[in-house]
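Peer 1: can't give you the sequence, but here's the structure:
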């Protein structure tokens with residue numbers, strides 16, 4: 001007998017270890033919960049492996065380290081969704097009462113965990129099938145699917161009966177394994193206080209696990225985009241997490257106002273121009289840039305650097321260079337910007353596409369507005385194949401640098417920057433303090449001067465390496481509570497919020513001038529295109545009665561190839577990306593609803609589509625209209641009925657086209673992502 005047991009130690013060791021583990025979990029409820037969590041992980045690991053193997057064409061360009069990293073980071077998403085499915089049953093299992101330790105009570109909640117696991121597996125399977133159709137995980141379109149749940153279930157039964165039968169078989173097999181684990185009940189813990197302490201410790205662990213680790217913000221779909229690789233992000237995510245987060249967002253279904261072909265035709269007609277040409281009917285917003293048509297004066301043969309400076313809450317109403325064109329008296333808050341405006345091209349009728357900073361980011365970085373019912377950037381919409389500014393720059397051998405003045409995780413810009421193609425990312429924690437006194441810890445971000453000078457250092461390094469760079473900077477000093485670092489920037493008596501804001505603007509204006517001075521000293525100024533705009537208006541001031549004023553922001557372009565002067569054409573954030581591609585002579589195509597601001601065609605027909613809550617506003621040279629996707633809710637005074645109807649139809653066409661193409665993941669062709 002002895003010889004038999006020692007001849008095959010490799011076979012008996014795992015069996016013995018498993019038996020010891022099973023015996024131990026029967027003696028300890030906490031070990032049992034840990035074992036259950038590990039059993040729950042198995043379907044998630046198999047689902048990720050299955051996704052990789054079945055849809056290998058989507059992941060074939062990933063290196064082995066990238067695949068392993070996706071599996072490793074994916075555990076955060078797996079544990080998060082498993083934790084939320086187990087947390088309530090776990091609490092009931094650990095209640096510090098004698099009746100809660102009864103065998104029937106314990107088995108009941110263990111089996112409820114199993115049923116929850118089966119539901120998660122259903123989500124994993126359904127998402128995997130959906131991935132094959134759309135090329136990404138389920139997103140905000142889940143609400144549309146939910147609205148037609150009955151027909152969808154019938155379709156699933158007819159098309160995937162074999163898969164459902166296989167799932168049923170594995171469910172029965174899983175139930176047998178589950179029974180072996182949970183049927184014997186752990187002995188009663190005699191000391192109630194120990195049970196209570198254990199419950200609190202388990203809850204603390206669940207909070208950490210459910211949030212995805214020790215993070216300032218709970219884990220989100222955007223955190224899967226930790227690198228500049230969408231396929232790696234898709235492999236990192238799991239379907240159950242994606243579906244549950246999409247359901248939690250409770251996105252309403254898309255409204256249809258006309259046949260989709262008509263909506264696309266109206267949208268394309270509005271966006272058509274000599275600068276870009278629509279090419280693929282399957283991806284009707286994708287355009288190939290026509291760089292031959294780029295007639296910018298004095299365009300440099302050398303690849304220009306590009307710096308996009310997004311200024312927090314800078315509205316056009318507070319900038320004298322624009323106020324003079326509005327017949328408004330001077331304020332004096334932006335003397336340096338006003339001087340710089342004479343050296344570049346100032347767009348006096350430029351508009352934000354929304355009223356939030358994160359909306360501005362999607363519009364600027366991807367040339368797409370955030371429409372009512374659509375997820376924000378950072379909440380899952382980046383799953384789509386989109387044209388991102390950083391990716392386009394990297395395709396042309398640019399260094400890509402993203403800085404924001406708030407903390408790294410604010411707005412989830414750390415994940416957004418990686419997804420958008422920015423290789424270097426810095427937040428407030430990374431900025432050296434250049435003022436005698438830093439901002440208080442609980443105040444929004446760091447001083448603008450710190451951010452802009454840190455940006456200058458990075459840009460100077462890229463210049464010394466003789467590599468063109470794309471920089472994206474988002475400031476914060478002009479965000480409430482509107483503080484300035486020293487007395488010398490308190491130009492206005494701080495007796496009102498408006499005056500406090502103007503003081504912060506006066507300081508930010510100085511910081512911009514200092515950055516320009518540093519750029520000249522570093523030697524990269526003359527070959528850099530600076531694009532300066534605001535993310536949205538401040539909301540301060542007496543100008544809100546006129547709807548376009550709710551979005552009116554500055555846009556100033558300074559640099560090689562730019563003809564100085566004032567440009568009164570209508571433009572918006574979504575036009576920045578194609579304008580950059582035009583100025584930098586990037587032949588790469590893009591998918592978006594912007595049009596280069598250099599395009600000379602049909603200048604008077606340009607429009608800006610902007611969103612405030614559930615209302616969409618369309619601003620044109622002929623007037624503006626507002627719609628809440630149920631009915632028209634406003635228009636400019638004395639707007640002829642025919643013009644109102646035409647603008648309203650264009651508004652609805654753009655909403656419908658963009659929404660459907662985003663839900664169907666038909667913005668950018670797969671080969672170009």
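Peer 2: Noted; the coordinates are in hand. The structure presented is a predicted model; accordingly, all values stated were derived computationally and were not measured.
Peer 1: OK, contacts around residue 163?
Peer 2: When contacts are counted by CB atoms under 8 Å, 6 or more residues apart in numbering, residue 163 touches 125, 129. In short, each C-beta sits where N, CA and C put it, glycine included.
Peer 1: I should have written residue 119 there, sorry.
Peer 2: Contacts for residue 119 (CB under 8 Å, 6+ apart) come out as residue 85.
Peer 1: quick one: average confidence on whatever helix or strand it lives in?
Peer 2: Residue 119 belongs to helix 103-134 when assigned by DSSP states H and E. Per-residue pLDDT over helix 103-134 has a mean of 86.
Peer 1: what does stretch 476-488 give?
Peer 2: Mean per-residue pLDDT for stretch 476-488: 93.
Peer 1: Which of the helices or strands spans residue 397?
Peer 2: When elements are assigned from DSSP H and E, residue 397 belongs to no helix and no strand.
Peer 1: who's in contact with stretch 660-667?
Peer 2: Contacts of stretch 660-667 (CB under 8 Å, 6+ apart): 134-136, 139-141, 144, 254, 260, 263, 282-286, 368, 374, 381, 383-387, 591-592.
Peer 1: Kindly report the same for stretch 64-72.
Peer 2: Residues outside stretch 64-72 that contact it (CB under 8 Å, 6+ apart): 45, 48, 52, 59, 62, 227, 229, 232, 233, 235, 236.
Peer 1: you'd agree the fifth one is up against residue 234?
Peer 2: In this case it means residue 62. No. Residue 62 lies out of contact with residue 234 (CB atoms under 8 Å); the separation is 10.0 Å.
Peer 1: and the angle for the strand or helix carrying residue 650 with helix 103-134?
Peer 2: Element membership for residue 650 (DSSP H and E) is helix 641-663. Per axes from the mean of the first three to the mean of the last three CA atoms, to 10 degrees, the angle that helix 641-663 makes with helix 103-134 is 120 degrees.
Peer 1: ok, and for helix 641-663, which residues are buried?
Peer 2: With burial defined by 16 or more other CB atoms under 10 Å, the residues of helix 641-663 counted as buried are 644, 647-663.
Peer 1: Repeat that for stretch 443-458.
Peer 2: 444-456, 458.
Peer 1: Could I get those residues in JSON lines, plus columns for pLDDT?
Peer 2: Compiled in JSON lines, those are given as follows (pLDDT from 0 to 100):
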{"residue": "444", "pLDDT": "76"}
{"residue": "445", "pLDDT": "86"}
{"residue": "446", "pLDDT": "94"}
{"residue": "447", "pLDDT": "96"}
{"residue": "448", "pLDDT": "97"}
{"residue": "449", "pLDDT": "97"}
{"residue": "450", "pLDDT": "97"}
{"residue": "451", "pLDDT": "97"}
{"residue": "452", "pLDDT": "98"}
{"residue": "453", "pLDDT": "98"}
{"residue": "454", "pLDDT": "98"}
{"residue": "455", "pLDDT": "98"}
{"residue": "456", "pLDDT": "98"}
{"residue": "458", "pLDDT": "98"}
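Peer 1: Do you have the helices of the stretch 551-673 of the chain handy? List them.
Peer 2: 576-583, 641-663 (DSSP state H, counting those that start in this stretch).
Peer 1: which one of these lies closest to residue 627?
Peer 2: Closest of the helices of the stretch 551-673 of the chain to residue 627 is helix 641-663, at 5.6 Å (criterion: CB to CB).
Peer 1: Find out how far the closest one is from the centre of the chain, if you would.
Peer 2: Relative to its chain's centre, helix 641-663 lies at 24 Å (CA atoms, centre = their mean, to the nearest Å).
Peer 1: about what we covered before: tell me which of the contacts of stretch 660-667 fall in strands.
Peer 2: Using DSSP state E, the members of the contacts of stretch 660-667 that fall in strands are 286, 591.
Peer 1: Might you report the residue contacts of residue 574?
Peer 2: Residues counted as contacts of residue 574 (CB under 8 Å, 6+ apart) are 353, 363, 364, 367, 368, 369, 592, 593, 594, 609.
Peer 1: can you tell me which of these lies nearest to residue 112?
Peer 2: Checking these against residue 112 by CB to CB gives residue 368 as the nearest, at 42.0 Å.
Peer 1: tell me the contacts of the closest one?
Peer 2: By CB under 8 Å, 6+ apart, the contact set of residue 368 is 362, 386, 574, 592, 593, 658, 662, 667.
Peer 1: Report how many residues lie close to the residue lying closest to the third one once chain neighbours are set aside.
Peer 2: In space, not counting the residues next to it along the chain, residue 574 is nearest to residue 594; the distance is 3.6 Å by CB to CB, 6 or more residues apart in numbering. Residue 594 has 27 neighbours, counted by other CB atoms under 10 Å.
Peer 1: Surely residue 594 touches residue 575?
Peer 2: Yes. Assessed by CB under 8 Å, residue 594 is found in contact with residue 575 at 4.1 Å.
Peer 1: quick one: common contacting residues for these two?
Peer 2: Listed as contacting both residue 594 and residue 575 by CB under 8 Å, 6+ apart are residue 367.
Peer 1: where's residue 62 relative to residue 74, distance?
Peer 2: According to CB to CB, to the nearest Å, residue 62 and residue 74 sit 13 Å apart.
Peer 1: And those two? Which one has more around it.
Peer 2: In this view residue 62 and residue 74 are compared by other CB under 10 Å, and residue 74 has more residues nearby, 21 against 18.
Peer 1: Give the other helices and strands that the helix or strand where residue 204 lies contacts.
Peer 2: Using DSSP H and E, residue 204 falls within helix 192-210. Applying 3 or more CB pairs under 8 Å, 6 or more residues apart in numbering; DSSP states H and E, we find helix 192-210 packed against helix 29-54, helix 64-93.
Peer 1: closest one to residue 341 among the ones you listed?
Peer 2: helix 64-93 (45.3 Å).
Peer 1: So for that closest one, what gets flagged as buried?
Peer 2: 66-67, 69-70, 73-87, 89-90, 93.
Peer 1: mean confidence for it?
Peer 2: 92.
Peer 1: Now do that helix against helix 103-134, angle only.
Peer 2: Going by the same axes, to 10 degrees, helix 64-93 makes 150 degrees with helix 103-134.
Peer 1: Kindly calculate the angle that helix 64-93 makes with helix 29-54.
Peer 2: For helix 64-93 against helix 29-54, the angle by the same axes, to 10 degrees is 140 degrees.
Peer 1: mind showing which ranges of the stretch 251-400 of the chain have poor pLDDT?
Peer 2: Residue ranges of the stretch 251-400 of the chain with pLDDT under 70: 251-253, 291-301.
Peer 1: If we use 90, what do you get?
Peer 2: 251-255, 272-280, 288-302, 326, 355-356, 372-385 (pLDDT under 90).
Peer 1: quick one, helices of it?
Peer 2: Counting by DSSP H, counting those that start in this stretch, the helices of the stretch 251-400 of the chain are 260-271, 320-323, 335-341, 357-366, 389-394.
Peer 1: which residues touch the shortest one?
Peer 2: When contacts are taken as CB under 8 Å, 6+ apart, the neighbours of helix 320-323 outside the stretch itself are 316-317, 329-335, 337-338, 341-342, 346, 348, 554.
Peer 1: What of the longest one?
Peer 2: If you take CB under 8 Å, 6+ apart as the criterion, helix 260-271 is touched by 257, 278, 284-285, 287, 593-595, 605, 607, 649-650, 652-654, 656-658, 660.
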